[in-house]
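Undergrad: I'll drop the sequence and a predicted model, then ask my questions.
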Amino acid sequence: MKGKKGFINNASKKARENFGDDKIRTMIKALSDCGFYCSIEPKIHNEKFSTRNKIRNPDIEIKFGNMRIYLESDGKVHGDLENPTEKTIKRNTDFENTNMNYILINHEHVKSLKKILELVANDDDLIRFLAAYRACEEYSKFLSKE
């Protein structure tokens, strides 16, 4: 029985990963089209991180010249922007405490905004637009600091 439960848990985990991977690939395509270099789930070590091993793996690392930004693609398991989960708050606090530039794309919030604003665009198009727009915005901020 233990093996069967492990198989089911592993299958569920893979299904969630595959669902998120499609959204990440969609954002990476948009970011790459804008000239950004992206890598998926880089391993970042910082002694100020609250994790036991002091490592975080953001969903996407975005680079352009000397600029480096981290993008987190948040789904239902992260809550929404008004009610994030405890783990999500810890992750965001780690980014703040280490002065790391980061972008949050919360897919549940995008769906809510779409309804509120009565937008007819599909979710993937909005997510691609937000990722590219926010990365360009962060790059503009980066340039003003140099």
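TA: Structure's in. What do you need?

Undergrad: Does anything pack onto the lengthiest strand in the chain? Which helices or strands?
TA: When the chain is parsed with DSSP state E, its longest strand is strand 67-74. On a contact count with 3 or more C-beta pairs under 8 Å, 6 or more residues apart in numbering; DSSP states H and E, strand 67-74 meets helix 2-33, strand 60-64, helix 86-97, strand 102-106, helix 107-116, helix 123-145. Where C-beta positions appear, they are placed from N, C-alpha and C, glycine not excepted.

Undergrad: between the ones you listed, which gets nearest to residue 70?
TA: Among these, the nearest to residue 70 by C-beta to C-beta is strand 102-106 (4.5 Å).

Undergrad: Give me the residue at the spatial middle of the chain.
TA: By C-alpha atoms, centre = their mean, the chain has its centre lying nearest to residue 72, at 1.5 Å.

Undergrad: Tell me which residues touch it, please.
TA: 58-59, 78, 91, 102-105 (C-beta atoms under 8 Å, 6 or more residues apart in numbering).

Undergrad: go on, residue 114?
TA: So residue 114 contacts 121, 123, 126 (C-beta under 8 Å, 6+ apart).

Undergrad: coming back round to it: using CSV, lay out the contacts of residue 72 together with pLDDT, distance to residue 66 and neighbour count.
TA: As requested, these are exported to CSV (pLDDT from 0 to 100; distance: C-beta to C-beta, whole Å; neighbours: other C-beta atoms under 10 Å):
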residue, pLDDT, distance to residue 66, neighbour count
58, 96, 18, 22
59, 96, 21, 21
78, 84, 29, 22
91, 94, 24, 22
102, 94, 17, 18
103, 94, 17, 21
104, 92, 23, 19
105, 91, 23, 22
